[in-house]
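> Quick one, fold the following:
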Amino acid sequence: MKKAELKQPSALIFSLIAFFAIAIFGSYWTQSTNRSVVNQQQSLLSGIFRTQASVLERRLSSAFTSAQILAYEVEQNGGSGEWFPSYANKLIDSIGGIENLQLAPDGIISDIYPLEGNETAIGFNIISTPGFREEAMLSVQNHQMFVIGPVTLIQGGVAVISRAPIFLRKGTQRELFWGFASAVIYLDDLLEATQLKQLESEGYQYSLSRKHAVTKDTIVLSTSVTPLSDIQASTNLILPVGTWTLRISRALDTQLKERKITGYAISLAVAFLLSLALYAILNQPLKLRKLVKEKTAELQELAYKDPLTGLPNRRFLQDSFPKILHNNQRRKRISAFIYFDLDNFKRINDTIGHDVGDKVLVIVGDRLNKLKGTADFVVRLGGDEFGILLGDINNYKQTGEQAEHILESIRMPVQVGSGEYILSTSLGIAMIPEHGYDLVTIMQNADMALYQAKLAGKNQYAFYTEKMKISTHSLIKAEEDLTLALQKNEFEIYFQPQFNLHTNHVFGAEALIRWNHPEKGLIFPKDFIPLAENTGKIVELGHWVLESSVAYLAQRKQEGRADILLHINLASEQLSDPHFVTLVQALLSKYQIPARLIGFEITETSILEDIHLARYLLQALKDMGICIAIDDFGTGYSSLSQLKNLPVDLLKIDRSFVMDLENDPDDRKIVEAIIAMAHKLNIKVLAEGIETREQWKMLAEFQCDFGQGYYVSKAVTADEFNQGTPIIHND
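This next block holds a predicted model:
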C-alpha cells in the first residue's frame, strides 16, 4: 500500500476530499430529513388543533351566550324571577354543556338552577368579593358580558363563569342596573367534549388560555401535565367574552436527536467506506483496466460464439464480413461462401429426440472446423444451417474440391451412444466478388444455389448462376399462382376407371387432380404436385381432393347411380397427421357416405417416413371400412418386409413392370411373383398402365385381380365417367 501511495500521492487527497464531501452531504441530508419530519408534524398538528378548536369554540360560545339570553329574559320580565326555574331548565337542555345558571340581583346570588349541590353559593356577593370586583365593575360600565376563571367554586369544582350585566329600561334615561345573569361551565366537562385528554395520552401537549379583561395578563384555563414543546400550533377562539387561545404541541426532541445521531453516524460510515474504496481504486488503475479488458473480451466472445457447437455465430458473420470483404478486395483475393444445411435433419429431432440432434450438430461442427484453412472460418447460422467462408481461393475448381471434402465429411456415419446415423448435406456456393459485394446479396445467392442442389436430389453442391435468379422468380410466381388457384377453386377432379380383369366390370376409379390454369390451360399433377409439396400446400390441396371426392360420391348417390369404390391418393404429410382419421370421419358424416366406398392409395416411401404412425393410422382407417392400397408397388426397397405387418387390402403394381410385359421375361417373373405373394397374404392386386389386350390377357393368366390403364380409358371428367361406357375387346 505504501508503494502505491508513493506512485500515486494524489489518491489520498482525492479520498479525503471525497470523505468530507460525503460526510457534509450526509449531515445536510440528516438535517433536511429532520426538518421534513418537523414540517410533517406541524402539518399534522394544524389539522388536529383546527378540529379541537372548532369543537371548543362551538361549545363555549353556546354556553357563554346562555348568560346573555338569561339577562335578556330578566329585562323582558321587568326584574321578576318567578319564571326562572322552568326557563333555566329549558335553556340548559337546549344548549347543553352548562353546569348551572344563576341570577344575582344587585350582584348577590339569589337564584341557582339547579339548586341541589349549589346551595352554598346563595348569597355570594359578586361585586364586593376581591378578584371579582374589577371585572364586574368594568362589565357594568361597558355593558358587556365578561368571564372569570378558572375559579374554585364554593360548592366545589373548578369552572369558568360567564356573567352578563342586566339593565332595566335599557337605553332610556331611567336605565337601572339590576344585577348579573351567570352561566357556570365546569372545565372538566368542557374538555370531555374534545379529544385533548386522549391526545395527551398519545404524546401530545395542549394549553387553553385567555387574557384578563383588566390586567391583560395571560390566564391559563387548562393545560396538559407535560409542558408545551417547540413544535406547536396555535389558534384563537373568537368568543362572546373575548378571544381565547388554544395551543397543541408534540415533543419530538428525543426522536430528532436520535435521528440526528444515527444520520451523522451513517454519513461518516458511508463516507469512510466510499473514500476507502476510491482510494483502493485509484491505487490500482492498471489492474482495473486489465480486468475491464478481460471482461469485455469475454462478453464479446459470448456474443459471437454459438453456445452449442462453439463455432462463430450469425452475429459474428454480420459484424466481421464487411471487414473481410474489404481486405480481400484490397488484396485482390477471390473468396467463396458455402451455405448448407443437413438433409432431413428434422427427422432426427422429431423421431429420436433433440438431445441426440444437438450431439449430432456438435460432431458436424467439429468436422467442419477441421476442414477449414487458415484464411477460412466456419459459422453456425442457426438450427442445422452452417456457412463456410473460403477466404483465399484461386478458381471454381478449388472451391468445388473443398465442397467435395465437406460432402464426404458429412457422409461419414455419426456415432451417438449406441446409435449410428447416416447424414448428407446440400451445398449452395456463391463466389466473391463475382456473385455479390455485401453479405445480404451473397447469402441470398448462396441460398438459391442451395435450393437448386436440393431440387437436383440433395447430397451435392451447386454454384450460383444468373439462371437461378430467373428460376427462383419463376418459382415464386408459380407459388403465388398455386395459392390463388386454391382460393379461386381452379382445380378439378378427373376419374380413371378401375376394372375387374375377369368380369370386364368397372368397379371403381382413381381420383386424379387437374389444374385448369387461366393462362396455361390444363396442368397435370407432375407439374404442380412437387411445388405443392415444397411450399407446404400439399396438405391443403390433399384436403380439397378428399372433400371433393366424397362430395362426388354423395352426388352420385343423390342421382341414383351405382356405388363405386373411389381411390384417393394420400401425401406423406397427410399420413403423418395424427388428426387425419378424425378429419375423414367428419367428412363421411357430413356427406352421409359409407366408408366402404372410399379407398386410400399410399406410396411405399410415404409409409417408410414414419412406419409406426403409418401403421396406426392405416389400421384405424381400415377398421372404419376404408380400402387401403399400396401405390407404385415394387419401386421401393423395404416394403416387402413390412407388408405383412401393414393393414393392406390392395397392391397396385407400378406401370414400369407392365409396359414391357409382352417382351421382357424378367418383368413377367416379377409381376407373377408379386401377385402370388400378395394372394398368399390375402391381398388383392391391381396392375397399372394396361394399354394393350395382350397385357390384359397375360395379367389375367397370372391371376391378377384388377387393372387400370389407357386400354380402357384415360382419366376423364365426372360427366364422362358417369356415362359408364362398357368395355369392348377387339379380339
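
> mind checking the SS state of the residue of the chain most remote from its centre?
Distance from the C-alpha centroid of the chain, by Cα atoms, centre = their mean, peaks at residue 174 (94.8 Å). Under the three-state scheme (DSSP: H, G, I helix; E, B strand; the rest coil), residue 174 adopts coil.

> What's the separation between it and residue 167?
Separation of residue 174 from residue 167 (Cβ to Cβ, to the nearest Å) stands at 10 Å. For glycine as for every other residue, the C-beta is placed from the backbone atoms N, C-alpha and C.

> what does residue 176 give?
Distance of residue 176 to residue 167, given as Cβ to Cβ: 7 Å.

> Low-confidence stretches in the stretch 451-600 of the chain?
470-475 (pLDDT under 70).

> if you set the cut-off to 80 instead, what comes out?
For the stretch 451-600 of the chain, the stretches with pLDDT under 80 are 455-457, 466, 468-481, 531, 533-536, 575-576, 578.

> so where do the strands sit in it?
For the stretch 451-600 of the chain, the strands defined by DSSP state E, counting those that start in this stretch occupy 461-463, 491-500, 506-517, 521-523, 565-569, 598-603.

> Of all those, which one is nearest residue 245?
Closest to residue 245 of those, according to Cβ to Cβ: strand 491-500, at 100.7 Å.

> Just the buried residues of the closest one, please?
Across strand 491-500, burial judged by 16 or more other Cβ atoms under 10 Å covers 491, 493, 494, 495, 496, 497, 498, 499, 500.

> now swap in stretch 119-129 and tell me
121, 124, 126.

> Looks like the second one contacts residue 109 (just checking).
Yes. Residue 124 sits in contact with residue 109 when judged by Cβ atoms under 8 Å, with a separation of 4.7 Å.

> in the stretch 301-450 of the chain, what spans have low per-residue confidence?
Where the stretch 301-450 of the chain drops to pLDDT under 80, the residues are 301-304, 324-333, 344-354, 372-375, 392, 417-421, 437.

> just the helices in it please.
For the stretch 301-450 of the chain, the helices defined by DSSP state H, counting those that start in this stretch occupy 314-330, 345-351, 354-371, 396-411, 439-455.

> will you turn those into JSON lines that also has distance to residue 678?
Below are those laid out as JSON lines (distance: least, Cβ to Cβ, whole Å):
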{"stretch": "helix 314-330", "distance to residue 678": "53"}
{"stretch": "helix 345-351", "distance to residue 678": "29"}
{"stretch": "helix 354-371", "distance to residue 678": "38"}
{"stretch": "helix 396-411", "distance to residue 678": "37"}
{"stretch": "helix 439-455", "distance to residue 678": "35"}
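
> if you compare these, which one is most tucked away?
helix 439-455 (a mean of 20; mean count of other Cβ atoms under 10 Å).

> the inter-axis angle of that helix versus helix 396-411?
Angle of helix 439-455 versus helix 396-411, following axes from the mean of the first three to the mean of the last three Cα atoms, to 10 degrees, is 60 degrees.

> Just the CA trace of helix 439-455, in PDB.
Listed in PDB are the C-alpha atoms of helix 439-455, where the atom choice follows Å, rounded to 0.1, in the frame of the first residue of the first chain:
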ATOM      1  CA  LEU A 439     -23.400 -10.200 -47.100                       C
ATOM      2  CA  VAL A 440     -27.100 -10.000 -47.900                       C
ATOM      3  CA  THR A 441     -26.600 -10.500 -51.600                       C
ATOM      4  CA  ILE A 442     -24.100 -13.200 -51.200                       C
ATOM      5  CA  MET A 443     -26.200 -15.200 -48.700                       C
ATOM      6  CA  GLN A 444     -29.300 -14.800 -50.900                       C
ATOM      7  CA  ASN A 445     -27.400 -16.100 -53.900                       C
ATOM      8  CA  ALA A 446     -25.900 -19.000 -52.000                       C
ATOM      9  CA  ASP A 447     -29.400 -19.800 -50.700                       C
ATOM     10  CA  MET A 448     -30.700 -20.000 -54.300                       C
ATOM     11  CA  ALA A 449     -27.800 -22.400 -55.200                       C
ATOM     12  CA  LEU A 450     -28.600 -24.500 -52.100                       C
ATOM     13  CA  TYR A 451     -32.200 -24.800 -53.200                       C
ATOM     14  CA  GLN A 452     -31.100 -25.900 -56.700                       C
ATOM     15  CA  ALA A 453     -28.800 -28.600 -55.100                       C
ATOM     16  CA  LYS A 454     -31.800 -29.900 -53.100                       C
ATOM     17  CA  LEU A 455     -34.000 -30.000 -56.200                       C
END
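
> got a list of contacts for it?
Outside of helix 439-455, the residues within contact range by Cβ atoms under 8 Å, 6 or more residues apart in numbering are 317-318, 321-322, 337-341, 343, 387, 426-430, 432, 435-436, 460-465, 468-469, 471-472.

> now that helix, how far from the centre of its chain.
A distance of 37 Å separates the C-alpha centroid of helix 439-455 from that of its chain, computed with Cα atoms, centre = their mean, to the nearest Å.

> quick check: angle from it to helix 314-330?
Using the same axes, to 10 degrees: helix 439-455 against helix 314-330 is 100 degrees.

> where's the closest residue in space to residue 501 that isn't next to it in sequence, which helix or strand?
Of all residues not flanking residue 501 in the chain, residue 700 sits nearest, at 4.6 Å (Cβ to Cβ, 6 or more residues apart in numbering). Per DSSP states H and E: residue 700 is located in helix 693-701.

> For the closest residue to residue 73 other than its chain neighbours, what is the enclosing helix or strand?
Closest residue to residue 73 apart from its sequence neighbours, by Cβ to Cβ, 6+ apart: residue 87 at 6.1 Å. Element membership for residue 87, per DSSP H and E: helix 84-95.
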